[in-house]
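A.B. asks: Mind folding the following:
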Amino acid sequence: MPSLEQLPRHVSAVVEQVGGQRSFRRRLLEMGLVPGTSVKVVNVAPLGDPLEIEVRQSRLSIRKHEARLVEVRR
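C.D. replies: Here you go, the predicted model:
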C-alpha cells in the first residue's frame, strides 16, 4: 500500500493506517490523521522535506520519514 510520502501533490487520498511508535501515532491522530480521513499533499519544501498536507480543512507540515509511516489509498 502506498504511503503519504509517495502521494503526488494535489492528489487526494484516504488514510488507511498510521504506523510508528505509540507516541508518534497518538500525535498524528490528535492532529486529525485518522483512518478514513481525506488527505492531500499541498506543497513540498524545496529540498523535499517537510511536506505540507491538508487534513480536515487544516494544513500541517510533517517530515518525509513521518509521512512514510502513513498508509493511504487513492
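
A.B. asks: pretty sure G36 is in a strand, no?
C.D. replies: No. Counting by DSSP: H, G, I helix; E, B strand; the rest coil, G36 falls outside a strand, being coil.

A.B. asks: Use 13 as the first number from now on
C.D. replies: New numbering, starting at 13: the last item is G48.

A.B. asks: which secondary structure elements does the helix or strand that H77 is a member of contact?
C.D. replies: Element membership for H77 (DSSP states H and E) is helix 76-79. Applying 3 or more C-beta pairs under 8 Å, 6 or more residues apart in numbering; DSSP states H and E, one finds that helix 76-79 makes contact with strand 63-67. For glycine as for every other residue, the C-beta is placed from the backbone atoms N, C-alpha and C.

A.B. asks: Just the helices from the chain, written as ranges.
C.D. replies: With DSSP state H as the criterion, the chain has helices at 34-42, 76-79.

A.B. asks: just these: most buried one?
C.D. replies: Mean neighbours per residue, mean count of other C-beta atoms under 10 Å, is largest over the helices of the chain for helix 76-79, with a mean of 17.

A.B. asks: where's it relative to the chain centroid, distance-wise?
C.D. replies: Computed by C-alpha atoms, centre = their mean, to the nearest Å, the separation of helix 76-79 from the middle of its chain amounts to 8 Å.

A.B. asks: now do stretch 54-74
C.D. replies: Using C-alpha atoms, centre = their mean, the offset of stretch 54-74 from its chain centre is 8 Å.
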